[in-house]
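In: Structure of the sequence below:
(2 chains)
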2 protein chains.
Amino acid sequence: MTAIVTPSGPSLAMLDELFGSNLRRVGFRLWDGTPWPDDRSRDATIVLRHPGALRQMFAAGTEKALAEAYLRDDFDIEGDIEAAFELSDLLSGRDEGWWTNLRTYFHLRRLPAMRGESESARMFGERDDRQHTVPRDRQAVSFHYDVSNDFYRLWLDERMVYSCAYFERPEMSLDEAQEAKLRHICRKLRLAPGQRLLDIGCGWGGLSLYAARHHGVTVTGVTLSREQARLATERARAAGLQDRVTIELRDYRELNPARMFDAIVSVGMSEHVGRTHLPAYFRRAAQLLRPGGVFLNHAIGDGVRQRLRAGPSFIEAYVFPDSDIPPIPIVLQAAEGAGFEVRDVENLREHYARTLRHWVSRLEAAHEDALEFVNEPTYRVWRLYMAGSAYGFAHGALAVYQALLVKPDADGVAHLPPTRHDWYPAA
Amino acid sequence: MTAIVTPSGPSLAMLDELFGSNLRRVGFRLWDGTPWPDDRSRDATIVLRHPGALRQMFAAGTEKALAEAYLRDDFDIEGDIEAAFELSDLLSGRDEGWWTNLRTYFHLRRLPAMRGESESARMFGERDDRQHTVPRDRQAVSFHYDVSNDFYRLWLDERMVYSCAYFERPEMSLDEAQEAKLRHICRKLRLAPGQRLLDIGCGWGGLSLYAARHHGVTVTGVTLSREQARLATERARAAGLQDRVTIELRDYRELNPARMFDAIVSVGMSEHVGRTHLPAYFRRAAQLLRPGGVFLNHAIGDGVRQRLRAGPSFIEAYVFPDSDIPPIPIVLQAAEGAGFEVRDVENLREHYARTLRHWVSRLEAAHEDALEFVNEPTYRVWRLYMAGSAYGFAHGALAVYQALLVKPDADGVAHLPPTRHDWYPAA
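Out: Take a look at the predicted model:
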């Protein structure tokens, strides 16, 4: 039986067949304006640009192909892009009925490999050790962070803090919540004037500058991003803090291990280390820290509701090459192996969902300006990855942890206050 | 050359040879009153009861033999018993010079096996699966906790809380610090009136009664100790809480998995579960907990400065048979494997050192009364294990963690307040 192919006919049938009533928050609109399943407005609308769009999106059955169809403008997403991750949920879920539809419709010979890892591989699996050489890490970091300072400036907060904010009170703005995050971290570090702080992965210097200004410490910040190092140095000078904040374009492994710091902080950096290198990362940090010193490591980790990934990773290919976000037990195990004692762990995932929503809506509002600094596909990479991450943090597929570690002194003493009260002074 | 053996001669020579200047806080006194190395007072004095005492203590080269010599009264410990753990440190340390002395003096043919486990065995090693059947766990728990309620009453706080207290303010008494601990835990659980709380390993009911009285919840407490169940039930009745606190003499595995609780707490119990059974422990807890509910697990774990153990374990043989205190990453890994999300982890080891010092000094002060309920060796088992544990917590060989876990709802949402501020209201 041969269907008469009209411009809209096959795609409407495809939509019926593929999705039936599987979608709650997402509707479609065809290239000729036809809505599916009806003309009621939904949280997100997938705009198909041409009759072949659905095939581009779903025939490969992988998340990466779906993302690439968006980057190529086979489709666009209107409205709340986070809601559109229902589509991705189907690909990464285990709904056999849906996969049967997909297979039948596109004549897939077999299910695409579900490359999500088993629990044991997820916890202990070896990754490729050829990754994470110093030059390759430099490349990987540059790929993401050197895209354009002007681009980042458009949608980050005024301090350009590119990590989870802390919405201590619900009504806080992004600027306020990023300041609250820096305050929260510095409280956890219990910095005292004159101390030496090492900031591994200092970004554009937000935390380094805050700690120097508000706690009178001397800070060494290191980053592998040339753009970050340049701007962070400029900002230190502009703030009159050049004597107390030194930014070094340097891998943490290139720090002289004879240097000694009173405290170490690393925010949103250890995701680039790789789990096979985490033990060496923590060992190096332990070398650089005086006995009795603290190390706050703030990093994204796999959440407990992590979905299996259908096929190759969009994030790996387009966003963070070589990144790796092991679950928190793996991080703590590596830290303990280096002699660090776990003192406090805090999961802030809802704060990251909120932070990312701010970034996405600010980026969307600055779409036109953004195109002065990056091209449309790059804009779409950031819009897509940040919305998907918000969705992941909100639904437990991702987590973000602040882990406060201490290097006990020779007698095994930690030298900490007895409680965490001082982190929560009365408002 | 044959030495003329006098009653004190060989032991003084032994002491010179064995310890030289290795001890800082410990002195000896022989059975005839002779002090060694001199008559200056030290933190702890080891009183040798007879000329063969040193051989009994050290010839086997194991911690267990050393402890047994104390239990048999080959020696006694005067003064600060915690300081005497310098002796045990030598046995469990890696001071080759000291071991050479020991080997030479007692003609040991080879070093006693250092049964401390390698890092990987420590983390992932299989334990004997024949342990931790329900009947055997019942026996193991009874061995320790059924010794005599009257004995425990002599030196525990008024609530008989047999776990780490929380010295929120340094001047707190033991009673106050135990109440502060119960308050801290209930704050973390964020209990609301009418909720159903499960208390796994409820001991003598301290936490169950506190939660029912102060938070209006309905509590089911389970314990494997007949003595604990009996007294906890009595106390619930005496407090007029019998309608809201039910104590069951039951293994947690025997709870009907169809029962559903709003929150679960387990304090000082999971040390008896065994690491190979931790995944099943957390899976059972997850079954018993409503989606969105929290589980606070409070347990001792190996510290990062854990020493190798010389020979078989005193704790295993005399104190807690079948107990197992995996490091915190192992606990969290098992919890994640059961679908729990890690929200907060707090290390309270210094509080446990302090708690144990209270217990030891109260026990010592009640020595005579204690002998009405237990014999002298039993008294010594408790004195020794508690002082040794205080030493371990103070010096990082042991840690104690409160881990707050959440079972996310079907959408992966945790339903928690955004910060931990509410755990730290202004004084």
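In: Residue ranges in the stretch 101-250 of chain A under the pLDDT threshold?
Out: Applying pLDDT under 70 to the stretch 101-250 of chain A flags the ranges A:108-130.
In: show me where it has helices.
Out: A:119-124, A:134-145, A:149-155, A:174-189, A:206-215, A:226-238 (DSSP state H, counting those that start in this stretch).
In: Could you give the average pLDDT over the longest helix anywhere in chain A?
Out: Among the segments of chain A that qualify as a helix by DSSP state H, the longest is helix A:376-394. For helix A:376-394, mean pLDDT rounds to 96.
In: Same list (the helices of the stretch 101-250 of chain A) but as TSV, adding mean neighbour count.
Out: C-beta here means a position set from N, CA and C on the backbone, and glycine is covered the same way. Shown next, in TSV, are these (neighbours: other CB atoms under 10 Å in any protein chain shown):
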stretch	mean neighbour count
helix A:119-124	14
helix A:134-145	16
helix A:149-155	18
helix A:174-189	21
helix A:206-215	23
helix A:226-238	18
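In: Quick one: closest of those helices to chain B.
Out: Across these, chain B has its closest neighbour in helix A:119-124 (6.3 Å, CB to the nearest CB).
In: where along the stretch 51-200 of chain A do the strands fall?
Out: Counting by DSSP state E, counting those that start in this stretch, the segments of the stretch 51-200 of chain A that form strands are A:75-79, A:196-200.
In: out of the ones you listed, which comes closest to chain B?
Out: It is, among the strands of the stretch 51-200 of chain A and with distance given as CB to the nearest CB, strand A:75-79, at 19.7 Å.
In: Okay, now the sheet partners of that closest one, with direction.
Out: Paired with strand A:75-79 in the same sheet, following DSSP bridges, are strand A:44-48 (antiparallel).
In: So which bits of the strand it pairs with are buried?
Out: Applying a neighbour-count criterion of 16 or more other CB atoms under 10 Å in any protein chain shown, one finds A:Ala44, A:Thr45, A:Ile46, A:Leu48 buried in strand A:44-48.
In: Just the closest of those to chain B, please.
Out: Nearest to chain B among the buried residues of strand A:44-48 is A:Ala44, at 16.9 Å by CB to the nearest CB.
In: That closest one against A:Ser88, yeah?
Out: No: in this structure, A:Ala44 is not within contact of A:Ser88 by CB atoms under 8 Å, at 11.7 Å.
In: picking that back up, among the strands of the stretch 51-200 of chain A, which is the most enclosed?
Out: strand A:196-200 (a mean of 24; mean count of other CB atoms under 10 Å in any protein chain shown).
In: Show me what that one is in contact with.
Out: A:189, A:191, A:207-208, A:211, A:217-222, A:252, A:255, A:260-267, A:269, A:285, A:288 (CB atoms under 8 Å, 6 or more residues apart in numbering or on different chains).
In: Whichever of the residues you listed end up buried, select them in ChimeraX.
Out: Buried residues among the contacts of strand A:196-200 (16+ other CB under 10 Å), as a ChimeraX selection:
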select /A:189,191,207,208,211,217,218,219,220,221,222,252,255,261,262,263,264,265,266,267,269,285,288
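In: Can you sort out which of the contacts of strand A:196-200 also neighbour chain B?
Out: Of the residues in the contacts of strand A:196-200, proximity to chain B by CB under 8 Å from any CB of the partner chain holds for none.
In: dump the residue contacts of A:Phe320.
Out: By CB under 8 Å, 6+ apart, A:Phe320 lies in contact with A:Ala140, A:His144, A:Glu271, A:His272.
In: mind putting the residues you listed in JSON lines, distance to B:Pro321 included?
Out: Conversion of the contacts of A:Phe320 to JSON lines gives the following (distance: CB to CB, whole Å):
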{"residue": "A:Ala140", "distance to B:Pro321": "51"}
{"residue": "A:His144", "distance to B:Pro321": "54"}
{"residue": "A:Glu271", "distance to B:Pro321": "43"}
{"residue": "A:His272", "distance to B:Pro321": "46"}
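In: ok, so of those residues, who is nearest B:Pro312?
Out: Nearest to B:Pro312 among the contacts of A:Phe320: A:Glu271, at 43.7 Å, using CB to CB.
In: does the closest one count as helix, strand or coil?
Out: helix (DSSP: H, G, I helix; E, B strand; the rest coil).
In: give me every residue that touches it.
Out: By CB under 8 Å, 6+ apart, the neighbours of A:Glu271 are A:Ala299, A:Ile300, A:Phe320, A:Ser323, A:Asp324, A:Ile325.
In: Adding pLDDT, secondary structure and distance to A:Glu78 as columns, could you present these in TSV?
Out: Converted to TSV, these look like this (pLDDT from 0 to 100; DSSP: H, G, I helix; E, B strand; the rest coil; distance: CB to CB, whole Å):
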residue	pLDDT	secondary structure	distance to A:Glu78
A:Ala299	98	strand	33
A:Ile300	97	strand	28
A:Phe320	90	coil	27
A:Ser323	89	coil	29
A:Asp324	91	coil	33
A:Ile325	93	coil	30
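In: B:Asp150: which of those is nearest?
Out: The closest of the contacts of A:Glu271 to B:Asp150 turns out to be A:Ala299 (CB to CB; 51.0 Å).
In: Please name the nearest non-neighbouring residue to that closest one.
Out: Leaving aside its sequence neighbours, A:Ala299 sits nearest to A:Ser270 (CB to CB, 6 or more residues apart in numbering or on different chains; 4.5 Å).
In: Give the burial count for the nearest residue to A:Ile330 once chain neighbours are set aside, as a bare number.
Out: Spatially, and ignoring its direct neighbours in sequence, A:Ile330 is nearest to A:Arg275 (5.8 Å; CB to CB, 6+ apart). Neighbour count of A:Arg275, defined by other CB atoms under 10 Å in any protein chain shown: 23.
In: separation between A:Arg275 and chain B?
Out: Remark: distance between A:Arg275 and chain B (CB to the nearest CB, to the nearest Å) = 13 Å.
In: Just the pLDDT for that residue.
Out: So A:Arg275 comes in at 92 (pLDDT).
In: how close does it get to A:Ser323?
Out: Distance of A:Arg275 to A:Ser323, given as CB to CB, to the nearest Å: 11 Å.
In: Pretty sure A:Ala410 sits against A:Gly292.
Out: No: A:Ala410 lies out of contact with A:Gly292 (CB under 8 Å); the separation is 9.3 Å.
In: list the contacts for the closest residue in space to A:Val319 that isn't next to it in sequence?
Out: Distances taken as CB to CB, 6+ apart put A:Tyr385 closest to A:Val319, at 4.5 Å, once the chain neighbours are dropped. By CB under 8 Å, 6+ apart, A:Tyr385 lies in contact with A:Phe314, A:Ile315, A:Tyr318, A:Val319.
In: wait, isn't the second one in contact with A:Ser323?
Out: Yes: A:Ile315 sits in contact with A:Ser323 when judged by CB under 8 Å, with a separation of 6.9 Å.
In: Now A:Val219: closest residue in space, sequence neighbours ignored.
Out: Among residues not flanking A:Val219 along the chain, A:Ser208 sits closest, at 4.3 Å (CB to CB, 6+ apart).
In: From the structure, what's the count of residues near A:Gly93?
Out: By the measure other CB under 10 Å, the count of residues near A:Gly93 is 15.
In: Let me know the secondary structure of the closest residue to it other than its chain neighbours.
Out: Closest residue to A:Gly93 apart from its sequence neighbours, by CB to CB, 6+ apart: A:Arg307 at 6.3 Å. Assigned with three-state DSSP, A:Arg307 falls in the coil class.
In: mind checking pLDDT for A:Arg307?
Out: As predicted, A:Arg307 sits at a pLDDT of 73.
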